[in-house]
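Participant: Next come a sequence and a model predicted from it.
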Amino acid sequence: MVPIIEAKGLTKVYDNTTVVDNLNLEISEGQIFGFLGPNGAGKTTTILMLMGLTEPTKGEARIAGFNSTREPIKVKRIAGYIPEKVGFYQDLSATYNLMYTGRLNGLSDTKARQAVEQALEKVGLQDRANDLVGTFSKGMKQRMAIADILVKNPRVAFLDEPTTGIDPAGITQMLDLISQIATENNMTIIMSSHQLNQVERICTHVGIMSKGKLIIDGSINQLSKKAAAGKTQIEIQLAEITQEIIDSIKEIKGVTKVERHEDLLIVSCSEDLRRQISRAIQEKDGLVIQMKLQSYALEDIYLKYFREA
Amino acid sequence: MAAFMTVFRKEIEDHFNSWRFIFAFLIVFLPSIYYVWRATGTIREVVTGFSHFAFLPLFTTPISETTMSLLPTSFLDLIAMLLPVVGIALGLDAINSERNNGTLSRLISQPIYRDSVINAKFFAGVITIAILMVSVVLLIVGMGIYIIGIPPTAEEAWRILFFLVIAIIYGAFWLGLSMLFSILFRSVATSALVSIAVWLFFAVLFPLIQQLLAGTMTGDTQAAAIKNIQTLILISRTSPIQLFNESMVMILAPGARTISQILQLMTGNAGNFLLNTPLSLGQSLLSVWPQIMITVLLTVICFAISYIKFMREEIRST
């Protein structure tokens, strides 16, 4: 499959400081790509170069085959971008702000109005449609940003730190929205973040950046498996924990440790042994309420580079 | 082009919905009423003198005897002084407020060329200035007709029209200048201060410097005196405000010769030295053509610098 986003040897140098260093990246259509890295790793600069908003010092970026530097208008027609500190015209209504985006993308007034109504409903701001954006909270503005993307409805959307500065409930809502629009509108989404747990929650693919270099990239499953050896933990919630069950789990090959924390059992093992464990529990007539696989592999990689940066 | 129209439409709507526009209008309109009303009081003496127009002196008659004062002397002077404020007010935060609000990076990530952003903002400002000036002048003309009871003649109407056109170009220059500062400076306060400083320099300080220079110049012979005057005129022409004033006097008060014209006539063909005959409309326009062109040129220079700066700039939201 032809990748929708392609970067070859992308490099950006500002006053002798290399911010992005020979970055190669391919993202296929339909992925939700989590772009991880500490602050200052070069995520935003990479996104700007991919969008054609900044000229790369070396290398080239392509979106759906269009060169971002030489055909920026064509790129901007199929790619949307929400900057980290997204802003709207404070003294204009939510509807007007989004209508403006629609018109700039060549929608007629009637079509833009339709798209705006749908988008506002999707993000749950339909009741505030005619209120000035200046009266909105930070979380609402972030949802406006998602509505903005929905009005434009691009094939590719770059979201730069879409969850900064909003409360936990808002973050959950935001992540749900992002994964929803990715599937419903068949949109490829590149979301940058420095929060691994958020990225793991919705992204299908992930790339970790540090000091301008892309250290690792691939699908989340693949990456977790690759670095999983001996570092998998399974969290089991049982209706009742008996010593019998604990013993039988300990006997499974590959299990290194079983710990009990109140009503939870934490099983450390070399690989994903959920199937074997649940079978063992069933044999002892135990009732599993919940079983969760926790892989710290990705986090380990991430933290390692995070500390170095 | 579609993107240009979209931005243009929004900017026009913004201007007309803003308090700033209402204030700008009042700042020009209220003193205008006063100046024209005062002028109607002295118009009888002026018209019975040697003016060939009965209506236009409303715009050019000084309302007081003290010419040394820094206050504007006539309606024309008033417009020369206040139109820059309108232009600056409409353009001083054109780009940097969008940058600070984070709307600029969202705007330029839409499929539009960057220059359409500047162009649309500039033309929206020019149209706003045009509408403001046309309304003020129409109201003033109406008031003039009501008070003195004579309407302008056809030629006078044409001259008022040209006055409007040149005034709009003049306002556009100040708009372009303040937009340039809004690109150069990140903070709205800085760009506003710099724009106002430039205006203050030309409106207040510049005439003072001129007077100072004139005081230091000495010349015994007639030739030396003429040379001194020429130097002073040359200096005065570096001020956009003086350029506008000079050209406007020639359009609205064709009977009154400016010093530079008198000088030209004296040093040139003395046979043309016919003080009491007003220049025809065509001749008036021809004689102010250089002043108009310089104002246009200054605007173009502001624009060129704005383009170079804005097109190459990287725009980040943080």
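Facilitator: Thanks, I have the structure now. Numbering: from 1, shown residues only, chains lettered A, B, ... in the order given.

Participant: Show me the shaky parts of the chain.
Facilitator: The chain I'm using is chain A. Within chain A, the ranges that satisfy pLDDT under 70 run A:1, A:224-231, A:295-297, A:301, A:304-309.

Participant: oops, chain B please
Facilitator: Judged by pLDDT under 70, chain B has its weakly predicted residues at B:44-52, B:64-70, B:219, B:255-278, B:317-318.

Participant: In it, what residue lies closest to chain A?
Facilitator: When you check chain B against chain A by CB to the nearest CB, the closest residue turns out to be B:Gly102, at 2.6 Å. Where C-beta positions appear, they are placed from N, C-alpha and C, glycine not excepted.

Participant: May I ask you to confirm that that residue is in contact with A:Pro83?
Facilitator: Yes: shown here, B:Gly102 and A:Pro83 form a contact pair, counting by CB atoms under 8 Å, at 6.2 Å.

Participant: So these two - more neighbours on which side?
Facilitator: Neighbours of B:Gly102 and A:Pro83, each counted by other CB atoms under 10 Å in any protein chain shown, are more numerous for A:Pro83; the result is 26 against 20.

Participant: got the phi/psi numbers for the more buried one?
Facilitator: Recorded main-chain torsions at A:Pro83 are phi -70, psi 170, according to degrees, to the nearest 10.

Participant: That one contacts A:Leu159, doesn't it?
Facilitator: No: with contacts counted by CB under 8 Å, A:Pro83 stays clear of A:Leu159, the gap being 9.3 Å.

Participant: ok, B:Ser236 - contacts?
Facilitator: B:210, B:242, B:246 (CB atoms under 8 Å, 6 or more residues apart in numbering or on different chains).

Participant: And stretch A:154-165, end to end?
Facilitator: Length of stretch A:154-165, first residue to last, CA to CA, to the nearest Å: 25 Å.

Participant: And the contacts of that stretch?
Facilitator: Applying CB under 8 Å, 6+ apart, the contact partners of stretch A:154-165 are A:4-5, A:29, A:43-44, A:47, A:50-51, A:63-64, A:77-84, A:138, A:142, A:145-146, A:149, A:170-171, A:174-175, A:178, A:181, A:187-195, A:198, B:317.

Participant: Kindly tell me how buried A:Ser108 is, as a neighbour count.
Facilitator: When neighbours are counted by other CB under 10 Å, A:Ser108 comes out with 10.

Participant: er, A:Asp300 actually
Facilitator: What A:Asp300 shows, counting by other CB under 10 Å, is a neighbour count of 11.

Participant: How about the secondary structure of it?
Facilitator: Put simply, A:Asp300 is helix when judged by DSSP: H, G, I helix; E, B strand; the rest coil.

Participant: could you check the distance from it over to A:Ile216?
Facilitator: According to CB to CB, to the nearest Å, A:Asp300 and A:Ile216 sit 12 Å apart.

Participant: next one: A:Lys76
Facilitator: Counting by CB to CB, the gap from A:Lys76 to A:Ile216 is 30 Å.

Participant: Chain B contacts on the stretch 1-150 of chain A?
Facilitator: A:44, A:48, A:51, A:53-54, A:73-74, A:76-77, A:80-90, A:100-101, A:103-106, A:148 (CB under 8 Å from any CB of the partner chain).

Participant: same for the longest helix belonging to chain A, what does it pack against?
Facilitator: Counting residues, the longest helix found in chain A (DSSP state H) is helix A:168-184. In this structure, helix A:168-184 makes packing contacts with strand A:32-36, helix A:138-152, strand A:188-193, helix A:196-202, judged by 3 or more CB pairs under 8 Å, 6 or more residues apart in numbering or on different chains; DSSP states H and E.

Participant: now with 7 Å?
Facilitator: For helix A:168-184, the contact count by 3 or more CB pairs under 7 Å, 6 or more residues apart in numbering or on different chains; DSSP states H and E identifies helix A:138-152, strand A:188-193, helix A:196-202 as packing neighbours.

Participant: who's more crowded, A:Lys76 and A:Ile216?
Facilitator: Neighbours were tallied for A:Lys76 and for A:Ile216 using other CB under 10 Å; the higher tally belongs to A:Lys76 (25 against 17).

Participant: Would it be right to say that that one lies in a helix?
Facilitator: Yes: judged by three-state DSSP, A:Lys76 forms part of a helix.

Participant: and B:Val137, how far is that from B:Val28?
Facilitator: Distance, B:Val137 to B:Val28, using CB to CB: 10 Å.

Participant: And stretch B:196-212, what's buried?
Facilitator: By neighbour count with 16 or more other CB atoms under 10 Å in any protein chain shown, stretch B:196-212 contains the buried residues B:196, B:198-199, B:202-203, B:206-207.

Participant: Out of those, which comes closest to B:Ile305?
Facilitator: The shortest distance between B:Ile305 and any of those, using CB to CB, involves B:Val198 and amounts to 13.9 Å.

Participant: what about that closest one, helix or strand, and which?
Facilitator: Taking DSSP states H and E as the criterion, B:Val198 maps to helix B:188-200.

Participant: A:Gly139 contacts A:Ile171, doesn't it?
Facilitator: No: contact criterion CB atoms under 7 Å: A:Gly139 and A:Ile171 do not qualify, at 8.8 Å.

Participant: Pick out whichever of those two has more residues nearby.
Facilitator: Neighbour tally, A:Gly139 and A:Ile171, criterion other CB under 10 Å: the higher count belongs to A:Ile171, 20 against 17.

Participant: How many residues are close by the spatially closest residue to the more buried one that is not a sequence neighbour?
Facilitator: With sequence-adjacent residues excluded and distances taken as CB to CB, 6 or more residues apart in numbering or on different chains, A:Ile171 is closest to A:Thr163, at 4.7 Å. Neighbourhood size, A:Thr163 [other CB under 10 Å]: 22.

Participant: How about the secondary structure of the residue of the stretch 51-200 of chain A found nearest chain B?
Facilitator: Ranked by CB to the nearest CB, the top residue of the stretch 51-200 of chain A for proximity to chain B is A:Gly87, at 2.6 Å. Three-state call for A:Gly87 (three-state DSSP): coil.

Participant: Would you confirm that it contacts B:Thr103?
Facilitator: Yes: at 4.5 Å, A:Gly87 and B:Thr103 qualify as touching, with contact defined as CB under 7 Å.

Participant: For the stretch 1-150 of chain B, what lies in contact range of chain A?
Facilitator: B:2-3, B:6, B:10, B:101-103, B:105-106, B:108-113 (CB under 7 Å from any CB of the partner chain).

Participant: A:Ile236 should be in a helix, yeah?
Facilitator: No: if the criterion is three-state DSSP, then A:Ile236 is strand and not within a helix.
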